[in-house]
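S.K.: just a sequence and a predicted model for now, questions to come.
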Amino acid sequence: MVSSEQRRRQLAREKYLRQQQRRETARRKSRQRNVVIAAVLAVVLAGGGAAAAVGAFSGNDKDKKKDDAAASSPSAPTSKAPDPCAKAAKAVAGEKPKKMSFKKEPAVSIDKSASYTMKLETTCGDISVDMDAGKAPHTVNSFDFLAGKGYFDHTKCHRLVNQEIYVLQCGDPQGTGAGGPGYTLPDENLKDPALKGNKYPAGTVAMANQYNAQTKQGRNSGGSQFFLVYQDSPLPPDYTPFGKISQDGMKVLKKIAKAGAAAPDQMQNTAPNASVVINKATVTKS
């Protein structure tokens, strides 16, 4: 006959096993969710140079990418919110980005010990970014080079993501998510302590790229496209963080985010409802 103490121990063991099973189920679901997010990001944060962009969006692969994105990506909430930047955008509607392409990454000529600030003068307001030349010298050097050439001037920020991750993506003169400067950049600063816990904090500016966490392919494929994080976003540390947005810049970014995003286009871009155009980008050393 089972004593009351034995019965108590048996019930305790059964309770412990149930708890362990629930925890394992939760961990498995979490892993699956991270895999889905990583797969989505291979499309959502598609950027990099022209060669990488062509590989992702050319020929028969174009339709396949569109189908894969539609199947794996949750639909971002859309909104019909008023465009807070319409008037300013209308005033510069005739301005077009310059068509530029470069054969190779520019030689690193910045001072790695100095501070650099990138100012984005947009139709929605100015966004200043303090860039870390010491931790991401190739990336900061490239932005200094491209901004000096007027590469970013009159370019649209073509994608706003407002589900799972919370980012505004810019830096493509084509405005499609497939453009780049013709060269690619090495990944940098991926072990930044700020990314602890697979999270890109609000205010982070990082590089878009072609990396696919499932296939482990696409490293060192950043180009000119970058994303600005307006709310803490669960992301694996695969995207070079190179700057922090100023307090005033965050106000502008949140105004853009508040206006919502449009329905996905053929390239699976969800354009911001706000007409975000970078009128001019400048990089200064201090």
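M.R.: Structure received.
S.K.: from now on I want contacts and neighbour counts done on CA atoms only, so please keep to that.
M.R.: Fine.
S.K.: distance-wise, check Lys285 relative to Ala114.
M.R.: As for Lys285, its distance to Ala114 is 7 Å (criterion: C-alpha to C-alpha, to the nearest Å).
S.K.: ok, now Asn141?
M.R.: Distance, Asn141 to Ala114, using C-alpha to C-alpha: 12 Å.
S.K.: and for Asn279?
M.R.: For Asn279, the distance to Ala114 - C-alpha to C-alpha - is 26 Å.
S.K.: of these two, which one has the most company?
M.R.: Set Asn279 next to Ala114 and count neighbours by other C-alpha atoms under 10 Å: Asn279 wins out with 21 against 12.
S.K.: hmm, Lys112 is touching His138, no?
M.R.: No - the pair formed by Lys112 and His138 falls short of the contact definition of C-alpha atoms under 8 Å, at 9.8 Å.
S.K.: more neighbours: these two, which one.
M.R.: His138 (23 against 17).
S.K.: which of the residues in stretch 265-280 are buried?
M.R.: Neighbour counts over stretch 265-280 (16 or more other C-alpha atoms under 10 Å) mark 267-280 as buried.
S.K.: picking that back up, got any residues that touch both of Asn141 and Ala114?
M.R.: Applying C-alpha atoms under 8 Å, 6 or more residues apart in numbering, one finds that Asn141 and Ala114 are jointly contacted by Ala133.
S.K.: what's near enough to touch the residue positioned nearest the centre of the chain?
M.R.: Within the chain, one residue has its C-alpha closest to the average C-alpha position: by C-alpha atoms, centre = their mean, that is Phe227, at 3.9 Å. Phe227 makes contact with 167-170, 205-208, according to C-alpha under 8 Å, 6+ apart.
S.K.: so Tyr239: helix, strand or coil?
M.R.: Secondary structure assignment for Tyr239 (DSSP: H, G, I helix; E, B strand; the rest coil): coil.
S.K.: that one - nearest residue in space that isn't next to it in sequence?
M.R.: Nearest residue to Tyr239, sequence neighbours excluded (C-alpha to C-alpha, 6 or more residues apart in numbering): Met207, at 5.5 Å.
S.K.: now that neighbour: how far from Arg22?
M.R.: For Met207 relative to Arg22 (C-alpha to C-alpha), the value is 37 Å.
S.K.: ok, Lys119 next?
M.R.: Distance from Lys119 to Arg22, by C-alpha to C-alpha: 49 Å.
S.K.: okay, these two: which has more neighbours?
M.R.: Lys119 (21 against 12).
S.K.: could you give the bridge partners of that one?
M.R.: Here Lys119 sits in beta bridges with Ser128, Thr282, going by DSSP bridges.
S.K.: what confidence value was assigned to it?
M.R.: As predicted, Lys119 sits at a pLDDT of 98.
S.K.: for the closest residue to Ile165 other than its chain neighbours, what are its contacts?
M.R.: Spatial nearest neighbour of Ile165, excluding adjacent residues (C-alpha to C-alpha, 6+ apart): Ser233 at 4.7 Å. With contact taken as C-alpha under 8 Å, 6+ apart, Ser233 is in contact with 164-166, 199-202.
S.K.: please, a ChimeraX command that selects the buried ones among the residues you listed?
M.R.: Typed into ChimeraX, the next command selects the buried ones out of these (criterion: 16+ other C-alpha under 10 Å):
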select :165,166,200,201,202
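S.K.: and the contacts of Ser233, which is closest to Asp130?
M.R.: Checking the contacts of Ser233 against Asp130 with C-alpha to C-alpha, the nearest one is Ala202 at 14.0 Å.
S.K.: you'd agree that closest one is in a strand?
M.R.: No - Ala202: not assigned to a strand; according to three-state DSSP it is coil.
S.K.: so Val252 sits in a helix?
M.R.: Yes - counting by three-state DSSP, Val252 falls inside a helix.
S.K.: average pLDDT across whatever helix or strand Gln19 lives in?
M.R.: In this assignment (DSSP states H and E), Gln19 forms part of helix 4-44. On average, the pLDDT along helix 4-44 is 67.
S.K.: same question, stretch 165-184
M.R.: Averaging pLDDT along stretch 165-184 gives 95.
S.K.: chain center to it: distance?
M.R.: Relative to the mean C-alpha coordinate of its chain, stretch 165-184 is positioned 9 Å out (C-alpha atoms, centre = their mean, to the nearest Å).
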